[in-house]
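# quick one, fold the following:
(one chain, ligands or ions: 1)
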Amino acid sequence: MTARELALRVLLELDGMRKSEELLNRMHEHAGLGKNDRALAKELVAGTLKYRLQCDFIIARFYRHDYAKAATVLKHILRLGVYQLLRLDRVPKSAAVNESVKLARKFKGDHLARLVNGLLRNISKATIDLDAWTAEMPESKRLSILYSFPEWLAARWLMRYGPDATLAMLAHGNLPPATGYRINRLKANPETLLARPELSDAKRVADADGLDRFFFSKQFALLEPLLKEGLVSVQNPAQGQACLMAAPEPGSTVFDMCAAPGGKSTFMAELMENRGRIIALDRTPAKVARIASNASALGITIIEPREGDALTFDPGCAMDTILLDAPCTGTGVLGRRAELRWRTTPEKLRELAALQAAMLDRAASLLRPGGVLLYATCSVEPEENELQTEAFLKRHPEFIAEASRLTLPGSHEGFDGGFAARFRKTEG
Ligand SMILES: C[S@@+](CC[C@H](N)C(=O)[O-])C[C@H]1O[C@@H](n2cnc3c(N)ncnc32)[C@H](O)[C@@H]1O
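Here you go, the predicted model:
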C-alpha cells in the first residue's frame with residue numbers, strides 16, 4: 001500500500017467519533033510503510049482534513065457537474081490531489097496528478113480515473129487566486145475559505161474577538177502544532193535535563209507564572225526514552241497553567257472530575273510533591289487505564305484512578321480542591337486535531353455548555369467550605385468560559401471568583417488556547 005492509499009483509507013473510514021491520528025496509527029501497523037511514507041501519510045491526512053473546505057471550493061469551480069453529489073471516495077481523492085498540488089511543495093505536480101489518477105482507477109475504475117486526470121491537470125495549470133475569487137464575499141465567508149474553517153466559527157470569532165485576533169486564531173489552526181513538554185519535578189532537575197544533547201533544540205517557556213519547567217521540542221523520537229523514564233510528560237503549557245492556578249497543597253485531597261489521560265492529575269501530583277491524595281475520575285475505561293500507566297511512569301503514587309460519571313460519582317469525602325477540566329468543543333486546540341473543526345457545531349456547543357453547568361453544580365456540592373474549584377476548558381467560546389462561570393456564580397453565591405485566564409490560540413507562541421477560572425467556596 002502507498003502512503004496516498006493509506007491516507008485515502010483513513011479518510012474513508014473516519015467516522016464522526018474517532019480521531020484520525022489514532023486510526024492512522026492503527027492502520028500503519030498493517031501497512032508496513034517506511035519512515036518517509038509514514039510521515040507523508042500523516043501529513044496528507046491532517047492537511048486534507050484541515051483544508052477540506054478550501055479544497056472543495058476550488059474543486060467545485062472546475063468540476064463540470066454538481067460536485068456536492070459526487071461519490072465520497074471521488075471527493076477524497078480529489079481533495080488529496082488538490083492538497084498536494086497547492087500545499088505540498090516537495091511533491092512534483094505530475095506526481096500529485098498521476099498518483100491521484102492511480103487511486104481513482106483502483107477504487108472507481110477507468111472512467112473516474114479520466115475525470116480525476118482532467119480535473120487535476122486543469123487545476124495544476126490554472127492560477128488559483130483565492131483572494132480574487134472571494135473578494136466580494138462577506139468577511140466570515142471569505143475567511144472561512146481562505147483559512148478553511150467553518151463559516152459559523154469565523155463569524156462568531158469576528159464578532160467576539162475582532163479581525164486581528166480572529167486572523168491569528170485561524171492561522172494558528174493551520175500551523176503544525178508545537179509539542180510541549182513538562183519536566184517532572186519529582187525526578188529531574190530542569191538545568192541538568194535541558195543540558196542533554198537530545199534537548200539541544202528545546203525552547204524553554206520563559207519563567208512566567210511557574211511555567212519554567214515547560215519546553216517545546218520538535219525531536220519527538222529523541223525524547224521518547226525520556227518519556228519512558230518518566231523524566232518528562234507531553235503537556236502544553238496552557239494546560240499546565242490551569243494546575244498552577246489550582247495550586248493544590250502537598251498533603252491535601254484533590255478530585256479531578258474528568259481526568260483522562262491524566263495530564264493535569266499528574267502535574268498536580270508533582271506540585272503536591274507526591275503527598276496527599278488525588279482521585280482521578282473518567283468515564284471511559286480505556287482512558288482510565290492510561291491515567292494509571294502515565295502516573296506509574298512518572299513515579300507518582302498518590303493518584304487513584306476511578307471509572308465513573310462525574311455527574312453522579314461520590315468520592316466519599318469533602319474535597320480540598322476540585323479540578324473540572326470539562327469536556328468542551330475544543331475550539332482552542334483546533335490546530336492539534338485536524339478533523340475537530342468540522343465536528344464542532346453550534347448544537348454541540350449548546351449541549352456541552354449544559355453538561356459543563358451540571359458538572360460545575362456537582363463539583364460545588366463535593367467541595368469543602370474554604371476549598372478551591374478550578375474550572376478549565378480548551379475552548380475559546382464564551383458560553384463554555386466567561387458566560388458559564390458567570391452563571392455558576394449566580395447559581396452559587398457561596399463561591400467567590402479568585403482568578404481567571406483566557407488564552408487565545410496564536411496569542412503566545414506554541415500555547416494552545418483555553419480558559420481557566422479559580423473559585424473559592426466560602427463558609428456561607
Ligand atoms: C478535556 S478531557 C480531560 C483531559 C485531562 N484532564 C488531562 O489533562 O489529561 C475531558 C475528559 O472528560 C471525560 N468525560 C466526559 N464526560 C464525562 C463524564 N460524564 N464523567 C467523567 N468523565 C467524563 C472524557 O472521557 C475526557 O477524557
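
# hey, let's count contacts and neighbours off CA atoms from now on
Will do.

# next to the ligand, which bits of the chain? Give me the list.
258-264, 282-284, 308-311, 325-327 (CA under 6 Å from any ligand atom).

# got the contact list for stretch 188-199?
In this structure, residues lying in contact with stretch 188-199 by CA atoms under 8 Å, 6 or more residues apart in numbering are Ile183, Ser200, Ala202, Arg213, Ser217, Gln219, Leu222, Leu223, Leu231.

# among the residues you listed, which lie within strands?
Judged by DSSP state E, strands contain the following of the contacts of stretch 188-199: Ile183.

# tell me which two of the contacts of stretch 188-199 sit farthest apart.
Arg213 and Leu222 (18.5 Å; CA to CA).

# neighbour count: those two, which is higher?
Using other CA atoms under 10 Å as the criterion, Arg213 and Leu222 rank with Arg213 on top: 22 against 13.

# need phi/psi at the more buried one.
Arg213 has phi and psi values of phi -90, psi 10 when expressed as degrees, to the nearest 10.

# and it, how far from Gln235?
For Arg213, the distance to Gln235 equals 11 Å [CA to CA, to the nearest Å].

# which residues are common contacts for the two?
Arg182.

# what's the spacing between the residue of the stretch 1-150 of the chain found nearest the ligand and Leu23?
Shortest the stretch 1-150 of the chain-to-the ligand distance, computed as CA to the nearest ligand atom: residue-wise this is Met17, at 12.3 Å. Here the distance between Met17 and Leu23 works out to 11 Å (CA to CA).

# between the two, which has more neighbouring residues?
Between Met17 and Leu23, Leu23 has the larger neighbour count (other CA under 10 Å), namely 15 against 9.

# check which helix or strand covers the closest residue to Met268 other than its chain neighbours.
Closest residue in space to Met268, ignoring its immediate chain neighbours: Cys243 at 6.0 Å, by CA to CA, 6 or more residues apart in numbering. Under DSSP states H and E, the secondary-structure element containing Cys243 is helix 237-246.

# any idea of the mean pLDDT in that helix?
Helix 237-246 comes out with an average pLDDT of 95.

# show me what contacts Phe415?
Asn236, Pro237, Ala238, Pro409.

# compare those and tell me which is most surrounded.
Counting neighbours by other CA under 10 Å, Pro409 comes out on top of the contacts of Phe415 with 29 neighbours.

# specify the local secondary structure of that residue.
coil (DSSP: H, G, I helix; E, B strand; the rest coil).

# that one touches Val333, doesn't it?
Yes - the criterion here is CA atoms under 8 Å, and Pro409 meets it with Val333 at 7.3 Å.

# what do the two both touch?
With the criterion set as CA under 8 Å, 6+ apart, the overlap between the contacts of Pro409 and Val333 is Gly173, Asp416, Gly417, Gly418.

# in helices only, show me these.
Counting by DSSP state H, the members of the shared contacts of Pro409 and Val333 that fall within helices are Gly173.

# reformat the shared contacts of Pro409 and Val333 as CSV; add pLDDT and neighbour count.
Converted to CSV, these look like this (pLDDT from 0 to 100; neighbours: other CA atoms under 10 Å):
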residue, pLDDT, neighbour count
Gly173, 95, 26
Asp416, 94, 30
Gly417, 96, 27
Gly418, 96, 25
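
# how about the shared contacts of Pro409 and Val333, which pair is most distant?
Of all pairs drawn from the shared contacts of Pro409 and Val333, the greatest distance, 13.5 Å, lies between Gly173 and Gly418 (CA to CA).

# what do those two both touch?
Common neighbours of Gly173 and Gly418 (criterion: CA under 8 Å, 6+ apart): Val333, Pro409.

# now the helix or strand hosting Leu193: mean pLDDT?
Assigned by DSSP H and E, Leu193 belongs to helix 190-194. Model confidence over helix 190-194 averages 93 on the pLDDT scale.

# I'd like the next helix or strand past it.
Elements were assigned by DSSP H and E; along the chain past helix 190-194, the next helix or strand is strand 203-204.

# gap between that next one and the chain center?
Here strand 203-204 is found 21 Å from its chain centre; the criterion is CA atoms, centre = their mean, to the nearest Å.

# which other helices and strands contact it?
Other helices and strands packing on strand 203-204, by 3 or more CA pairs under 8 Å, 6 or more residues apart in numbering; DSSP states H and E, are strand 214-216.

# repeat that with 10 Å
strand 180-183, helix 190-194, strand 214-216 (3 or more CA pairs under 10 Å, 6 or more residues apart in numbering; DSSP states H and E).

# re the thing from before, out of the contacts of Phe415, which comes closest to the ligand?
Nearest to the ligand among these is Asn236, at 9.7 Å by CA to the nearest ligand atom.

# quick one: the closest one from Val97, how far?
From Asn236 across to Val97, the span is 38 Å (CA to CA).

# which of the residues of the chain next to the ligand fall in strands?
The subset of those located in strands under the criterion DSSP E comprises Asp282, Asp325.

# now, of the residues of the chain next to the ligand, which are buried?
For the residues of the chain next to the ligand, a burial check counting by 16 or more other CA atoms under 10 Å picks out 258-264, 282-283, 308, 310, 325-327.
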